[in-house]
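**Student:** sequence below, structure please.
(2 chains)
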Amino acid sequence: MKKLFLLFLLFQNLSSFSQDNDSLSAETKRLLLLNSSRPIIGLEYEIGASNNEINFNSIQDFASKSFLDNAYKEDLLSQIDGPVRFAYWQTYTLSWDKPSYSILEKYVGGSKFSIRNEFISSAELSEEGVELGLFGNSRFAGETVDLSKSNFESWWFTSLEYEYDFLKRDVNYTFRGALVIGHSYEYYNIETAKVFTESSGEYIDAELNYDFFSTNNNLSIPFQGLGASGGIKTEKKVNKKLSIGADLNNLGFIYWSGGNEVKVDSSFRFRGVTFDNLFEINDSLREAEIDKIGNGLYLEEDAEKASLMPFQAQLFANYKIDFGLLKYLNFEIDYRYFKAYTPRYGLIALIGINKTNNAKLGLRFGGFNSLAIPIDYSIQLNKWKIAIGSSNILALPFPSQTVGSSIYAGLFYSL
Amino acid sequence: MITQSYKLSFLLLLLAFGACRPDTNTSNWDVGVLSPVLHSRIDIQDLVVDSLLSANSDDQLSLVYRSKIAEFKFDRIGQGFNKIFENTVKLQTIDLGERVVQNQLTLGRLASTAGVAGAVIILNNGQNIAIPAFTGIGPETFSLDATDFFQSITLTDGWLVIEIENGLPIELTNVQYTMQNQSGGTPIITKTVPSILAGANYADSVQLINNVTIEGQIDAILQNMDTPGSNGNNVLVDTSDALTITVTIKDLVPSSATAIFPDQVLIEDTTDTEIVDFNGELISMHVATGKMFLDATSTIEDEIIFDYSIPSAVQNGVSLQFIENVPPAPIGGFSTSYTETDIQGYDVDLTGQPGAMNVFNTFFTITDGRIDSSGNLINLSLTDSVFLQTGITDLVAARGYGYLGLDTLNALETSPIDLFKGIDVDQLDFDEVKLSIEVYNYMGAPLTANIKSIESAKNQNNTKTLTWSMLNQDVLVPPATENTPGDKPTPGSLALDFNKTNSNIDELFEIQPDEITTLLDAYLNKGGTTADYSQFIYLDYGLEAYVAAEIPLYFSAENMLFKDTSDFNYENLDPDDKLQSGDLILIGDNNYPFDIRVNIIMLDADSLVIDSLQATDYILSGTINPNGTVVEKNKSQVRYPLNPASIAHLKDTKFLIFEASFSTADLPTKVRFYTDSYLDFTLAGDLNIRTGN
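**Tutor:** Coordinates of the predicted model:
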């Protein structure tokens, strides 16, 4: 891997300079050096959560409170009116970036190597499923809980990604390729789950059809999958002010080994562990009875699985305005591979406060049918650059009215 | 080095990312879980052991109980029998045999020392001549070599015999001879023989006493010998004609010897062995256990062979015998040998040696010891001996045959009764109880039993004594029959029946006894006047007595308490301490004719009560008709609150006592139990469980 990495760097530098170097004068070489981009080392972090029903205030409480009392749970439940779609993500990125630049009207492509550790989970759960999860089945004594059409998927992986961009026929291309090391993966898909609890708990009737896959999450070195991903971004200038493009990222797969898969397709009545002779119960008999129930109820086996990675796709258009502080307007439609995620629309304004201070402010709608105001700010301090942002700044002043947000922070250093 | 550092940094970076698993599970909350935990059916077989139940044609149940209340053995053949015999074999009993050495003195040899006359004889060898007289032949010394037999013998008694055979054609006169050890010392014998005619024999002997020592090299010296010649007669001169001297030593009683010992018997001993302390007259027995042994210590420098046998002990047609070789003792030391043989399974005749009359309880042993000559010279003295122990150890008979004699047994036997184990009832009223006592005699002799008393007891203080007209009466139990030797005999039996009419037997069981005590006298061959040798006795089987009861399950009971203790470990149920509070719910479908209340008692590791889950209500009985029969089951439930305190106690609990209290409905009306009586129950939990890790 080290050799591959070095080879990429070498190739990148050679492809930028090798064709011209021999014929350029010393003065030209000096000029090239002055205007060429400097490599930037960056460290970034992002954490976020979003859903379609529960306000950000409750999400924060959910994440921060050590114990959720009944008042909280009732309040949370009161916010829900239909299935809940939910996503959570957390990303660390360490990067080495040599940005593209132009000199003497010649475009010199950039390249970037990054190590990115991502945890992403998304789920869809019925309202009754949320209530069952929060309060248990005691509230459903004598009733049936329907958890059908619920699903959940969770990835944790590290990408070793290289990207390279170049310009060809006025179209800017960025190619990305990554080797992906999988740490853990969980997946469940509940096609049907209807559970009736007898009013005194004498029995539980269940109609279940679901499958569940999980890697072993107890390993000291979490290395349980291997995969590859790629991406491409294109941007074409339509005229001097308008450019349009598309971006596809993290499209790939991870092959997970050492997992465990449970498949259930059964209707049954659970009356507890049944013992023929109550007076001869012992540990081994109890375990045998539990195993017997398990064996009749579900099929559990070691399994391997290939999962699609949580990719992102985006269409965008950039319009250069240069009106006062307003420099660009950006329109985007994007999609993330989350459960029940719908395309999200956004309009973002790039604000150039001065040479060292920039900001972005916009409006987005979609995803989990939520309205968001994204904001980013960056400041350049000599060779250092600090960037912060949020996918929905509304969550700060109006946490009870918003249903998701994220925060972002980055620190960069130009070599 | 740079490459290594790079690799290391890269790996550390990957691990740093990979090891930081996002913590997405930060909050805990309580959920209410309502779920069945276990389900079971308690039918009548769960309450009472299957083997105790029987049903009549109406499926009404009875308890049929049978338990051994007494087992006695007349321990007449079960005691180990030991017998040891000791013998010391001394050297004087050792036969050194008869030793013979011989030498010859030819005519030619004699003539060569006889001057001119001798020369004439030699020259005329083969001729007939008149041999002249001559005198002063000798002294002539020749050795008698007995070193092939011994080097030396010091004798307290014995004989030396000298024989001279005159094979010469002439008479010998004035024959003076001496015999002495070649090493010198006092001559063993000195004699002068006046005349030994031609062709005649001469013999003489001397008793060897007073510790005279005979060596293997003895010089025989002819001091002088004269001859009158052939008295002028022509005789055939043959210089090979000889004077033959034979020396024999015999009847030796040595005090010490260095000799080659011949084959000889050291001991031949036949001994009767009587099995003492047996009141009867056994004619045979079969050995259950026992060993025969031989232990020898020897100072004899030759191998000794012992042959030990009990000819009357036979197994598979072969009598009991073993042979043990005692190795030669080292010079100045001793050797030992121990061996033993298992005699289990042998049949032993106990009528003594062949031909003996009216002998019983007796077998005989034969001990033979011998030396097979090794051909080596060994040294022995009177102090040499063999100390020999032989015998029988731990002989126990599996069975014996013959007249068993008279015997009396006074037995007080207390036996546990587990019919009511784990049950405690405030009041129990059985309607019909039948009981019998069965006595089984496994001995091949008539037995007379006399039951003195029977008493039932609960917890050793609540007792009830049997009243019955047959107490203190002799009853005869016939002898057993042996089918195949070694198999359990078919016992002679006697059954004594009790019921509410002839006794108070129901009262003995209504106290729910946990033990029953029987005082019994038994007499063997009581009143017998003649010995019956067809009798037998087995070690493993004697007298057995059983109590057999049939108790119809038609009774009333109040607070009949069943208890069962189970091990308990809270961690197995709730390893992460998730349980906060809640209720346990016992839901019952009851087809029994009694109400049931179950309490759960918690015990700590020292079996001390630390808490309990008390039921406030009963699981209601099935609906009962006037006949005492359940016609419809009833469903009901009982809740057991679990508060944080009781959960904390559960965590310290190591044993749980499930205490089920049953009371028949409409007391004191009796109810009936049938084969289909049951309680279906589900233990459910309505529990508050805390999520998270």
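
**Student:** please, where are all the strands along the stretch 301-415 of chain A?
**Tutor:** Secondary structure of the stretch 301-415 of chain A (DSSP state E, counting those that start in this stretch): strands located at A:312-323, A:326-336, A:342-352, A:357-367, A:370-372, A:375-381, A:384-390, A:404-414.

**Student:** for B:S112, grab the count of nearby residues.
**Tutor:** B:S112 has 14 neighbours, counted by other C-beta atoms under 10 Å in any protein chain shown. Quick note: C-beta positions are derived from backbone N, CA and C, even for glycine.

**Student:** correction: the previous question concerned B:S621.
**Tutor:** Neighbours of B:S621 (other C-beta under 10 Å): 24.

**Student:** I'd guessed it sits against B:Y592; true?
**Tutor:** Yes. Counting by C-beta atoms under 8 Å, B:Y592 is a contact partner of B:S621 at 6.1 Å.

**Student:** just checking, A:R336 touches A:E118?
**Tutor:** No. Counting by C-beta under 8 Å, A:R336 stays clear of A:E118, with 11.9 Å between them.

**Student:** residues making contact with the one helix or strand B:L650 maps to?
**Tutor:** Using DSSP states H and E, B:L650 maps to helix B:644-652. Identification of contacts with helix B:644-652 by C-beta atoms under 8 Å, 6 or more residues apart in numbering or on different chains yields B:570, B:577, B:579-581, B:602, B:604, B:610-611, B:613, B:642.

**Student:** pull out the buried members of those residues.
**Tutor:** The neighbour count (16 or more other C-beta atoms under 10 Å in any protein chain shown) marks B:570, B:579-581, B:602, B:610-611, B:613, B:642 as buried among those.

**Student:** run a quick neighbour tally on A:E301.
**Tutor:** Other residues near A:E301 come to 9 when the count uses other C-beta under 10 Å.

**Student:** ditto for B:N441
**Tutor:** 26.

**Student:** could you do the one 4 residues further on as well?
**Tutor:** Counted with other C-beta under 10 Å, the neighbours of B:A445 add up to 25.

**Student:** repeat for B:D342
**Tutor:** By other C-beta under 10 Å, neighbour count at B:D342 equals 11.

**Student:** ok, A:A123 next?
**Tutor:** Neighbour count for A:A123, taken as other C-beta under 10 Å: 20.

**Student:** shouldn't it be within a strand?
**Tutor:** Yes. With DSSP: H, G, I helix; E, B strand; the rest coil as the criterion, A:A123 is assigned to a strand.

**Student:** per-residue confidence at it?
**Tutor:** A:A123 carries a pLDDT value of 90.

**Student:** list the beta-bridge partners for the residue nearest to it when sequence neighbours are not counted.
**Tutor:** Once flanking residues are discounted, A:A123 sits nearest to A:F152: 4.1 Å by C-beta to C-beta, 6 or more residues apart in numbering or on different chains. Beta-bridge pairing for A:F152 (DSSP bridges): A:A123, A:Y188.

**Student:** now the common contact residues for B:S621 and B:Y592.
**Tutor:** Contact criterion C-beta under 8 Å, 6+ apart; residues shared by B:S621 and B:Y592: B:V630.

**Student:** show me the beta-bridge partners of residue 305.
**Tutor:** Reading this off chain A. Beta-bridge partners, per DSSP bridges, of A:K305: A:W256.

**Student:** oops, chain B please
**Tutor:** With DSSP bridges as the rule, B:I305 is bridged to B:N325, B:R370.

**Student:** still on that earlier bit, closest one to chain B among the strands of the stretch 301-415 of chain A?
**Tutor:** strand A:404-414 (13.9 Å; C-beta to the nearest C-beta).

**Student:** next, the angle strand A:384-390 makes with the closest one.
**Tutor:** 170 degrees (axes from the mean of the first three to the mean of the last three C-alpha atoms, to 10 degrees).

**Student:** strand A:404-414: how far from the chain's middle?
**Tutor:** 15 Å (C-alpha atoms, centre = their mean, to the nearest Å).

**Student:** elements contacting it?
**Tutor:** Helices and strands touching strand A:404-414, as assessed by 3 or more C-beta pairs under 8 Å, 6 or more residues apart in numbering or on different chains; DSSP states H and E, comprise strand A:40-51, helix A:56-64, strand A:370-372, strand A:384-390.

**Student:** repeat that with 6 Å
**Tutor:** strand A:40-51, strand A:384-390 (3 or more C-beta pairs under 6 Å, 6 or more residues apart in numbering or on different chains; DSSP states H and E).

**Student:** how about it as CSV, C-alpha atoms only?
**Tutor:** Output of strand A:404-414 as CSV, limited to C-alpha atoms (Å, rounded to 0.1, in the frame of the first residue of the first chain):
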residue,chain,number,x,y,z
GLY,A,404,-31.8,17.1,12.2
SER,A,405,-28.5,18.7,11.9
SER,A,406,-24.8,18.1,11.8
ILE,A,407,-21.7,19.9,12.8
TYR,A,408,-18.5,20.0,11.0
ALA,A,409,-15.0,21.1,11.9
GLY,A,410,-11.8,21.1,9.9
LEU,A,411,-8.2,22.2,10.4
PHE,A,412,-5.8,22.5,7.4
TYR,A,413,-2.2,23.4,7.0
SER,A,414,-0.5,24.4,3.8
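
**Student:** quick check: buried residues in it?
**Tutor:** Buried residues in strand A:404-414 (16+ other C-beta under 10 Å): A:404-408, A:410, A:412, A:414.

**Student:** over to stretch B:368-379?
**Tutor:** Buried-residue list, stretch B:368-379, by 16+ other C-beta under 10 Å: B:368-369, B:371, B:377-378.
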